[in-house]
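Engineer: The sequence and its predicted three-dimensional model are supplied below.
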Amino acid sequence: MSPVNAVLRRELRSFFVTPMAYVFLVIFLVLAGILTFYTGDFYERGQADLQPFFVVHPWLYLILVPAVTMRMWAEEAKGGTLELLLSLPLTLWQAMLGKFLAAWLFIGLALALTFPIWLTVNYLGSPDNGVVFAGYLGSWLMAGSFVAIGACLSALTRSQVVAFVLTATVCVLLILAGQPQVLDFFSGALPRRLINALAYLSMLRHFEAIARGVLDLRDLAYFVLSIVGWLIAGVLLLELKRVR
Amino acid sequence: MIETERLTRRYGQLTAVDALSIRAEPGQVLGLLGPNGAGKSTAMRMIAGFLAPTSGTARVCGYDVQRAPLAARRALGYLPEGAPSYGEMTVREFLVFIARMRKLTAEVGHRRFDEVVGWLQLEDVLEAGIDTLSKGLRRRVGLAQAILHDPPVLMLDEPTDGLDPNQKHTVRQLIDAMARERTILISTHLLEEVHALCNRVVIVARGKLLADATPAELEARSRYHGAVSFSAPGSGVSQEMLGRLPQVASIEVDPLDGRITVFPRPGARILEPVEQLLREQGLEVSEIQLERGRLDEVFRQITTAQDAMGASA
C-alpha cells in the first residue's frame, strides 16, 4: 500500500472515531435542507431544478470545511505526531495529498448523502439531471478548493482555532470577491483589468457557471488550479518549517 | 551506521547544535549525553530528517539525510522524545498503520507484528486506545513502532524518561538485546543509563561536542578514579597515618556519615597499602571499596567548564 493511501485511511478513520464526523454530517444535511426550503424558495419557484440547493453550498462550506480541515496539521504539530509522521519514509507531498484526499472524500460523502433532495425533485417534476450532476460536480470541486485552503493554512499553526479562523477568512474573501457590491466598491479606485482579475478569482462565479450546467474548461481549470496551488503552498510551508 | 559531519542547526541567533561530528558503528550503543537543552533532540531530529540542518551533513547507513531522505528513513527506526503516537487509535491500528507506511508485505508485516508485540508484551493492550495507556505502555508502543521494520539503525530520544525503575529495566533489557548487530543511538541525561547501556558516550552541552569516550575512560577522568573509601565506625582512624603513605595524595571525611575517602597520587594504586595499614593497626572496617570514578562528577566538570568559558567570553 502506498503511503498516500495509508495516510488517507488513517485520516478517514480518525474522523469517525469521535462523534464529530457524525455531528458534522447531520449539521450539513439539516442546514442544507432548511436553507434550501426556507431561504431558497424551493417550492415557490415552481421550477424542477436544484438551483436553490446549490446556491447555499458556498455558505455551508464556509463554516463546515474549516471545521474539518483545522486539525489536519495543527493537531499533529501540537501533539508531536508530526515528528513521527515526517520521519517515516514518505515525502511531504504524499502526506499532504493523503490528508487532503481524506478530507475531500469526507465532504464528498456529506454531499452524496443529500441525495434525497435529488429524489424529491425528480418525484415532483422532471429536472435536467445533467445539470443536477454538473451542480454536484461543481459543488464538490468548490469544496475541494476550500479543503486545499484549509490544508495549507492548518500547516501554518499549532492552534486549531487559528487554523479555523484563517481558513474561514480566506474562503469568505474568495466567495465575496466577485460579488457586484464588492466590484462596485472598487470600480472607482482600481483599473478595469484589476477588477476583472478580482472577479475572475471569485469562487461563486465559477461555481454558478458549472451549476448552471455549463462545463466550461476555464471554470474547471479554476478549481483544479486553485486546489493544486493551495496544496503546493501548504507543502512549501511545511518545508519552510523544517528549514527555518 | 550513523555519521554526522559538522552538523549545525541555528534558530535565529541561537545555535542549538554546533558543528557536531559523531559516529556510531554497528554493534555499538552510543549515548548522547548532555544537560537539558544541550541540543540532543535537535541533533536527532536532523538525523531523522524531521529538521533540515543549517549546515553540515548527517548520514544513516551511508544515505545522506538531505539528498536521499527516504532511503535514510527506511534504514532508521526512530523514537521521538516523549514517544508521540496517535492517541485515538488502538495499539493494533497504530502498528498496522506504521507497517503500511513502511510498506511491509503482508507476510513480513504479520511476522514482525507478532514478534514485536510479543517482545514488548503488548498482547493484552492491542485493542486498547493508546490515549488510555499508562506512560510506560505508551513508551513501549513507541518502541514497537520504531523497531517494527527491523531497522539496522535505531535512534531513541530519552527512551526511559519518566518511567518507573521496573519499566526502565525492561526497556534497557530490550535495547541491550537489540544492540548486537544494530547501530543504536540513544539520548539521555541520566548517568545510570550510560552505565547500564552504552559502550560509548558523547557528551554535548550548548550544542557542542565536549567529550567522546567509553564510560570507563570518562570514569578514569574522575578524581575519584582509584580512590579507596571505607567506613570505620567507632574507631579513630588516624588520618595522619594514612596521609603518611607515599601513594596517598589527600584524604576526605564525609561530615555526615564519617565515611573516609583516600585519594591516590596520579597513577598510584592504593587499595592494598590502605588495607594493609588498617590491618596492621587492627582497625575494624565495616566495608571497603575501590572507586571506579564518578560519572556525575565528570559530567558536571565537563559541562560546567564550558559554562564558565561561555560566561567569560
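Structural biologist: Looks like it arrived, so ask away. Note that the structure is predicted; figures quoted are calculated from it, not measured.

Engineer: Name the helix or strand of chain A that has the lowest mean pLDDT.
Structural biologist: Comparing helices and strands within chain A by mean pLDDT, DSSP states H and E singles out helix A:180-187 as the least confident, with a mean of 78.

Engineer: mind listing the helices for chain B?
Structural biologist: Per DSSP state H, chain B carries helices over the ranges B:40-48, B:69-74, B:91-101, B:106-119, B:135-147, B:165-178, B:191-197, B:215-220, B:239-244, B:271-280, B:295-312.

Engineer: Comparing these, which comes out most buried?
Structural biologist: Looking across the helices of chain B with neighbours counted as mean count of other C-beta atoms under 10 Å in any protein chain shown, the highest average goes to helix B:40-48: a mean of 26. To be clear about C-beta, it is placed using only N, CA and C from the backbone, and glycine gets the same treatment.

Engineer: what's the spacing between the least confident helix or strand of chain A and its chain's center?
Structural biologist: Between the centre of helix A:180-187 and the centre of its host chain there is 25 Å, according to C-alpha atoms, centre = their mean, to the nearest Å.

Engineer: my guess is B:M44 contacts B:S187, does it?
Structural biologist: Yes - when contacts are counted by C-beta atoms under 8 Å, B:M44 is listed as touching B:S187 (6.1 Å).

Engineer: where do the contact lists of these two overlap?
Structural biologist: Residues touching both B:M44 and B:S187 by C-beta atoms under 8 Å, 6 or more residues apart in numbering or on different chains: B:L32, B:D157.

Engineer: Now for B:M1, how many residues are close by?
Structural biologist: A count of nearby residues for B:M1, using other C-beta atoms under 10 Å in any protein chain shown, gives 15.

Engineer: what's the closest non-adjacent residue to it?
Structural biologist: In space, B:M1 comes closest to B:T183 once its chain neighbours are excluded; the distance is 5.4 Å by C-beta to C-beta, 6 or more residues apart in numbering or on different chains.

Engineer: so how far is B:L33 from that neighbour?
Structural biologist: B:T183 sits 17 Å away from B:L33, taking C-beta to C-beta, to the nearest Å as the criterion.

Engineer: Between those two, tell me which one has more neighbours.
Structural biologist: Relative neighbour count places B:L33 above the other of B:T183 and B:L33, with 29 against 25, counting by other C-beta under 10 Å.

Engineer: Next, the contact list for the more buried one, please.
Structural biologist: Counting by C-beta under 8 Å, 6+ apart, B:L33 makes contact with B:K40, B:S187, B:T188, B:H189, B:L191, B:V194, B:V201, B:V202, B:I203, B:V204, B:F299.

Engineer: again, 7 Å this time
Structural biologist: Shown in contact with B:L33 (C-beta atoms under 7 Å, 6 or more residues apart in numbering or on different chains): B:T188, B:H189, B:V194, B:V201, B:V202, B:I203, B:F299.

Engineer: so the fifth one sits right up against B:G34, yeah?
Structural biologist: Right, B:V202. No - here B:V202 lies out of contact with B:G34, judged by C-beta atoms under 7 Å, at a distance of 8.4 Å.

Engineer: hang on, the earlier thing: take the helices of chain B and write them to CSV, including distance to A:E239.
Structural biologist: As requested, the helices of chain B are arranged in CSV below (distance: least, C-beta to C-beta, whole Å):
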stretch, distance to A:E239
helix B:40-48, 15
helix B:69-74, 12
helix B:91-101, 20
helix B:106-119, 30
helix B:135-147, 24
helix B:165-178, 33
helix B:191-197, 35
helix B:215-220, 40
helix B:239-244, 66
helix B:271-280, 60
helix B:295-312, 33
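
Engineer: With distance to chain A and mean pLDDT as new columns, can those helices be given to me in JSON lines?
Structural biologist: Shown next, in JSON lines, are the helices of chain B (distance: least, C-beta to the nearest C-beta, whole Å; pLDDT from 0 to 100):
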{"stretch": "helix B:40-48", "distance to chain A": "4", "mean pLDDT": "95"}
{"stretch": "helix B:69-74", "distance to chain A": "4", "mean pLDDT": "95"}
{"stretch": "helix B:91-101", "distance to chain A": "4", "mean pLDDT": "95"}
{"stretch": "helix B:106-119", "distance to chain A": "10", "mean pLDDT": "93"}
{"stretch": "helix B:135-147", "distance to chain A": "7", "mean pLDDT": "92"}
{"stretch": "helix B:165-178", "distance to chain A": "18", "mean pLDDT": "86"}
{"stretch": "helix B:191-197", "distance to chain A": "22", "mean pLDDT": "84"}
{"stretch": "helix B:215-220", "distance to chain A": "28", "mean pLDDT": "85"}
{"stretch": "helix B:239-244", "distance to chain A": "55", "mean pLDDT": "75"}
{"stretch": "helix B:271-280", "distance to chain A": "49", "mean pLDDT": "83"}
{"stretch": "helix B:295-312", "distance to chain A": "25", "mean pLDDT": "71"}
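
Engineer: quick one, which of those helices is nearest to B:S229?
Structural biologist: Comparison of those against B:S229 by C-beta to C-beta identifies helix B:271-280 as nearest, at 9.8 Å.

Engineer: Report how many residues lie close to A:F16.
Structural biologist: One way to gauge burial is a neighbour count; for A:F16, by other C-beta under 10 Å, it gives 11.

Engineer: How confident was the prediction at it?
Structural biologist: The model reports A:F16 with a pLDDT of 89.

Engineer: go on, B:E252?
Structural biologist: 85.

Engineer: Hmm, B:G258 and it touching each other?
Structural biologist: No - with the criterion set as C-beta under 7 Å, B:E252 and B:G258 do not qualify as a contacting pair; they are 11.2 Å apart.

Engineer: burial count for A:D219?
Structural biologist: Here the count is done by other C-beta under 10 Å, and A:D219 has 19 residues near it.

Engineer: The one 5 residues further on too?
Structural biologist: A total of 14 residues lie near A:V224 under the criterion other C-beta under 10 Å.

Engineer: Now it: which helix or strand?
Structural biologist: Assigning secondary structure by DSSP states H and E places A:V224 in helix A:217-243.

Engineer: That helix vs chain B: in contact?
Structural biologist: Yes - Helix A:217-243 lies in contact with chain B when judged by C-beta under 7 Å from any C-beta of the partner chain; the contacting residues are A:R242, A:V243.

Engineer: quick check: mean pLDDT across that helix?
Structural biologist: 93.

Engineer: And the contacts of the strand or helix carrying A:Y123?
Structural biologist: A:Y123 belongs to helix A:115-124 when assigned by DSSP H and E. Contacts to helix A:115-124, defined as C-beta under 7 Å, 6+ apart, come from residues A:T36, A:A48, A:D49, A:L50, A:F53, A:P127, A:V132.
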